[in-house]
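S.K.: Model the following, please.
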Amino acid sequence: MSNIKDRITKYINGIEQKLKEIEVGEGTKLLDLIKQYVEDSKYYMEKGDLETALVDVAYAEGLLDAFLILSGRDPGSNVSKKVFVGGTFDIIHPGHIYFLREASRLGRVYVAVARDVNVKKFKGREPINDEKHRLEVIRSIRYVYEAFLGDEQDIVKSVERVRPDVILLGPDQKVNEEALSSELKSRGLNPEVLRLRERVKSWKHSSTTALIQTILQRYGK
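M.R.: As a prediction, the model looks like this:
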């Protein structure tokens, strides 16, 4: 039950984020109606009526899509799009938050957390935190709609599970976009594959490696 409540909350947050991107004054009456359904959904969430909360937020999403069409914008609301990201997410730092926040701008974020065996295989070391710990932390981040452990044998199965509209790769992920797209097409999937081109520059520790190195320098003795 708590998982359903969390997902509805993130559903609401996604629509509220999209509403913030729309200029004030455009289609005011329709936007007011959308906002009212969002507020109604939040009200029923507080009352524990999850079914009504879900109906209200879904109706708000439908009205939002209608608004985008009528205003000549992309008829596919980003709120409805599924965005897939994958990674280790070992020691969470500002770089991870920036990555997930950027992913959330594209739609609802589904995260495949790398299994311990695959982390050791691809990075040559065991993660600091085990897979269950890392999954629990990722699930608690507001930008994540759903998170799950990836497949131990075939990492592309995680993409098949979500069937996303968009895949967002991190700037340092060693994945060939063309090869990935080709493999997905062979499995009947055709998501848009994007890459975040650079890390957030305003933080010193924007990677797990940099964070570990600082800890070793400071406390290694």
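S.K.: any idea which element the residue most central in space within the chain lies in?
M.R.: Central residue of the chain (Cα atoms, centre = their mean): V109, 2.2 Å from the mean position. Here V109 sits within strand 108-113, counting by DSSP states H and E.
S.K.: Only alpha carbons, please: show the lowest-mean-pLDDT helix or strand in the chain as CSV.
M.R.: Here the helix or strand of the chain ranked lowest by mean pLDDT, DSSP states H and E is helix 208-219, holding a mean of 74. Presented in CSV, the C-alpha positions along helix 208-219 are these (Å, rounded to 0.1, in the frame of the first residue of the first chain):
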residue,chain,number,x,y,z
THR,A,208,31.6,8.4,-6.6
THR,A,209,35.2,8.0,-7.6
ALA,A,210,36.0,11.7,-6.7
LEU,A,211,34.2,11.3,-3.4
ILE,A,212,36.1,8.1,-2.5
GLN,A,213,39.4,9.7,-3.3
THR,A,214,38.6,12.6,-1.1
ILE,A,215,37.7,10.3,1.8
LEU,A,216,40.9,8.3,1.3
GLN,A,217,43.0,11.5,1.3
ARG,A,218,41.4,12.9,4.3
TYR,A,219,40.9,9.8,6.5
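S.K.: Make residue 1 into 42 and carry on from there
M.R.: In the new count, where the first residue is 42, that last one comes out as helix 249-260.
S.K.: In the chain, where is pLDDT below threshold?
M.R.: 42-43, 64-68, 112-121, 240-250, 262 (pLDDT under 70).
S.K.: domain parsing for it?
M.R.: Here the domain parsing of the chain from automatic domain parsing is 43-111, 123-252.
S.K.: Which among those is found nearest to R259?
M.R.: Closest approach to R259 among those is made by domain 123-252 (10.8 Å; Cβ to Cβ). From N, CA and C alone the C-beta is placed, and that goes for glycine too.
S.K.: residue contacts, L95?
M.R.: Shown in contact with L95 (Cβ atoms under 8 Å, 6 or more residues apart in numbering): I49, Y52, S82.
S.K.: For the host helix or strand of it, buried residues please.
M.R.: Per DSSP H and E: L95 is located in helix 91-111. If you call a residue buried by 16 or more other Cβ atoms under 10 Å, then helix 91-111 has these buried ones: 91, 94-95, 97-98, 100-102, 104-106, 108-109.
S.K.: Please apply the same query to stretch 215-226.
M.R.: Neighbour-count burial for stretch 215-226 [16+ other Cβ under 10 Å]: L221, S222, L225.
S.K.: Hmm, K215 and the first one touching each other?
M.R.: No - shown here, L221 and K215 do not form a contact pair, counting by Cβ atoms under 8 Å, at 11.2 Å.
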